[in-house]
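>>> what would the 3D arrangement of this be:
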Amino acid sequence: MEVIFRNVSFSYNLGMSNEKKALDNINVFLEGNLIHGIIGPIGSGKTTMLELMNGITKPTSGEVIVGNYELSSLKNNFDFNSFRYDVGLVYQFPEKQFFCSTVGEEIAFSSKIFKSKNRNIKDKVRKALKMVGLDDSYVKRSPFSLNAGEKRRVAIASVLISNPKLLILDEPTIGLDNNSKKRLMRLLKNLKTRYMKTIIIVTHDVDMLYEIVDDIVALNGGKIVKQGNKMEVFSDVNLLEKNKVPVASVIKVCKIFKDKTGLDLGYVKNTNELVRLIVRKCKEKEGDY
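Sure thing, here's the model as predicted:
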């Protein structure tokens, strides 16, 4: 499911004829079946983009199109039930909203809201658990007894039960330890490749994004700083830093290494590979003398 922003602006009404422009005439195309990252400093417009593509609010001007849904006007006959099935949103710390006594009930709750499609709930719960890498033994467990990473996966499963085509996540790694973060990253990649989901991640965790996303949209002051393939965006370190947009640590180290040694490490997948390449390049350079 693709997402399109055409000449989109959004302003908050502060009263007394005062307005704050959160987005300023942006154009964005997010291709389906890819993982996209939206980054930028606080107040750059990231959250506003998230709210617009989820239908929480509508633009002051321009068009927002998500799949077959035109969200710019949100008319009275807009089919929100179908839209909520196709577009799933996972908020920051979603597990803080848990209130059911078992994982199965927690995951099933969101599906029960849509009574017209409330069929085979038990099977849907198990499928949702499977999608996030948890087995049937979790169905009867208390969600409050789980560790942070498991809770986050259960929260995602509660959104996946409707089998949305588009999954939007707001700061999904916040509050997670390193191991839980790695498991979540594997989960998101699996959702894209195995279950053909389009995933949009709004976050400050650019190191996580660097490892799993396909494309990046960088914002500052409600404007697009740069967008495109993650390497094209992250490699433009000077532009990003000028606009207070965080840069992935791998890219920073690669740039420093090249500036100091003149050696280009090329594309580096992650920090582990970065260390190996630096050691190898240094040994090769020593051998030249």
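>>> quickly note the distance from the residue lying closest to T57 once chain neighbours are set aside to V245.
Leaving aside its sequence neighbours, T57 sits nearest to E51 (C-beta to C-beta, 6 or more residues apart in numbering; 5.0 Å). Backbone N, C-alpha and C define where each C-beta goes, glycine included. E51 is 20 Å from V245, where distance means C-beta to C-beta, to the nearest Å.
>>> which one of these two has more residues nearby?
Shown here are E51 and V245; by other C-beta atoms under 10 Å, V245 has more neighbours (23 against 17).
>>> contact partners for the more buried one?
I39, G40, P41, S44, A218, L219, N220, V225 (C-beta atoms under 8 Å, 6 or more residues apart in numbering).
>>> and M196, by the same measure?
N33.
>>> now do the same for I216: helix, strand or coil?
The assignment at I216 comes out as strand when based on DSSP: H, G, I helix; E, B strand; the rest coil.
>>> which SS class is the residue lying closest to it once chain neighbours are set aside?
Spatial nearest neighbour of I216, excluding adjacent residues (C-beta to C-beta, 6+ apart): V233 at 4.1 Å. For V233, the assignment made with three-state DSSP gives helix.
>>> per-residue confidence for V233?
On pLDDT, V233 comes in at 95.
>>> for it, give me its contacts.
D215, I216, A218, K226, Q227, L240.
>>> kindly report the same for M53.
By C-beta under 8 Å, 6+ apart, the residues touching M53 are V3, F5, V64, V66, L71, V87, I168, I200.
>>> ranges for the strands of the stretch 151-289 of the chain?
166-170, 198-202, 215-220, 223-229 (DSSP state E, counting those that start in this stretch).
>>> what's the closest of these to L188?
L188 lies closest, by C-beta to C-beta, to one member of the strands of the stretch 151-289 of the chain: strand 198-202, at 5.9 Å.
>>> the closest one packs against which elements?
In this structure, strand 198-202 packs against strand 35-39, helix 46-53, strand 166-170, helix 178-193, with contacts taken as 3 or more C-beta pairs under 8 Å, 6 or more residues apart in numbering; DSSP states H and E.
>>> ok, 10 Å please
Contact analysis of strand 198-202 by 3 or more C-beta pairs under 10 Å, 6 or more residues apart in numbering; DSSP states H and E lists strand 18-30, strand 35-39, helix 46-53, strand 87-90, strand 166-170, helix 178-193, helix 206-212, strand 215-220 as its packing neighbours.
>>> what does the longest one contact?
Applying C-beta atoms under 10 Å, 6 or more residues apart in numbering, the external contacts of helix 178-193 come out as 33-35, 131-134, 147-153, 156, 160, 167, 169, 172-176, 197-199, 201, 205, 207-209, 211-214.
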